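> sequence plus predicted model, see below.
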Amino acid sequence: MLTTLLAPTLALALAPAPLERTTVQFPSEDGLEITADLYIGHDNPETPFLVLFHQANWSRGAYREIAPRLVELGFNCMAVDARSGGEVKKIANETHRRAVEEEMGTEYLDALPDLRAALRYARAEHAKGSVIAWGSSYSAALVLVVAAEHPELVDGVLAFSPGEYFTRSDKPKDWVASHAKRVTCPAFVTAARSEKEHLMPIYEALPEGTRTHYVPKTRGNHGSRALWKEFGDNAGYWKAASSFLATRFQGTG
């Protein structure tokens, strides 16, 4: 059977539509216009939907290589410019540019309204099935916070290099871990090998039965760029992340 031949990757759509990348805009909670790239490769509205957030000083460009492969695995995706960002892969962060022009804050926590708005937009406009929040570095930590505070927005989490990045914003040193305790959806966390000591307190705070983690035996990389093909040990990250997605979300589309 075809599904057997495709295992263990997802086979949610046997004949996906040609991949499209469309740039869209929608308002954040405070009215700031957010820019995002849609990657829609499956016509079934029940296809699980990944909302992809970047690391500090970057943009939605971080996912130009990653998102098409996620579509091949059976997902639709949206890569979001959050206001705390910059440029990567020659793709400027348009949300950050607007925030600066409008003299709005661009620190890590200032991006929380953007994350929540993006998840609401995805659910309202593009996803009738599961909506999964994917974060990188500071946004990896924030998707765990959002999942704890707004479980109605998040059906799953993938967090690449989450950490306690918010003490400079007067948050407790265990602020992310304290939120992780309240996450009820399936959660996958990973990091570079050197980041293990920062990762494990957050992982161990997640409820048993919902949590999965991966730490490479090699050096690895910080954030979602660990999946980029230019890094020789990207395969381990891909295997771990795709296994989590297949186990938790296969057959939901």
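Thanks, I have it. All of these numbers come straight from a predicted model, not from anything done at the bench.
> quick one: mean pLDDT for the longest helix along the chain?
Counting by DSSP state H, the longest helix found in the chain is helix 234-249. Across helix 234-249, pLDDT averages out at 97.
> cool, stretch 86-102 as well?
Averaging pLDDT along stretch 86-102 gives 98.
> before we move on, back to that, contact partners of the longest helix of the chain?
The contact list for helix 234-249 (CB atoms under 8 Å, 6 or more residues apart in numbering) reads 8-10, 48, 69, 73, 75, 130, 132, 156, 158, 186, 188, 190, 212, 214, 216-218, 220, 226-228. Any C-beta I mention is one placed from the backbone N, CA and C, and that applies to glycine too.
> is it fair to say Ala122 lies in a helix?
Yes: in this structure, Ala122 lies within a helix as judged by DSSP: H, G, I helix; E, B strand; the rest coil.
> contacting residues for it?
Residues near Ala122 by CB under 8 Å, 6+ apart: 49, 51, 78, 131.
> ditto for Glu20
Here Glu20 is in contact with 38-41 (CB under 8 Å, 6+ apart).
> got the phi and psi for it?
Note on Glu20: its backbone torsions stand at phi -120, psi 140 [degrees, to the nearest 10].
> circling back: which ChimeraX command selects the buried ones in the contacts of helix 234-249?
The ChimeraX selection below is limited to those of the contacts of helix 234-249 classed as buried (16 or more other CB atoms under 10 Å):
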select :10,48,73,75,130,132,156,158,186,188,190,212,214,216,220,226,227
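> in helices only, show me the contacts of helix 234-249.
Of the positions in these, Arg69 sit in helices, assigned by DSSP H.
> thought Ala111 was touching Ala141?
No: judged on CB atoms under 8 Å, Ala111 makes no contact with Ala141 at a distance of 10.8 Å.
> most neighbours of all the contacts of Ala122, which one?
The most crowded member of the contacts of Ala122, judged by other CB atoms under 10 Å, is Met78 (28 neighbours).
> what's the helix or strand where it lies packed up against?
Using DSSP states H and E, Met78 sits in strand 76-80. Strand 76-80 is packed against strand 33-40, strand 49-53, helix 66-72, helix 112-125, with contacts defined by 3 or more CB pairs under 8 Å, 6 or more residues apart in numbering; DSSP states H and E.
> looking at this, Leu199 is in a helix?
Yes: assessed with three-state DSSP, Leu199 lies in a helix.
> let's number from 23 now, not from 1
Sounds good: first residue 23 from here, last item Leu221.
> distance check, it against Asn66.
Using CB to CB, to the nearest Å, Leu221 is found at 34 Å from Asn66.
> neighbour count: these two, which is higher?
It is Leu221, of Leu221 and Asn66, that has more neighbours when counted by other CB under 10 Å, with 23 against 15.
> got the contact list for the more buried one?
183-185, 211-213, 235, 237.
> how about a cut-off of 10 Å?
Leu221 is in contact with 162, 181-185, 211-215, 235-237, counting by CB atoms under 10 Å, 6 or more residues apart in numbering.
> how about Ile88?
So Ile88 contacts 61, 72, 74, 99, 101, 156, 158, 246-251, 256, 260, 263 (CB under 10 Å, 6+ apart).
> for Arg82, same thing?
Applying CB under 10 Å, 6+ apart to Arg82 gives the contacts 45, 56-59, 74-76, 89, 100-104, 107, 110-111, 113-117.
> phi, psi of the residue nearest the centre of the chain?
The residue lying closest to the centre of the chain (CA atoms, centre = their mean) is Trp156, at 1.2 Å. Phi and psi for Trp156, reported as degrees, to the nearest 10, are phi -120, psi 120.
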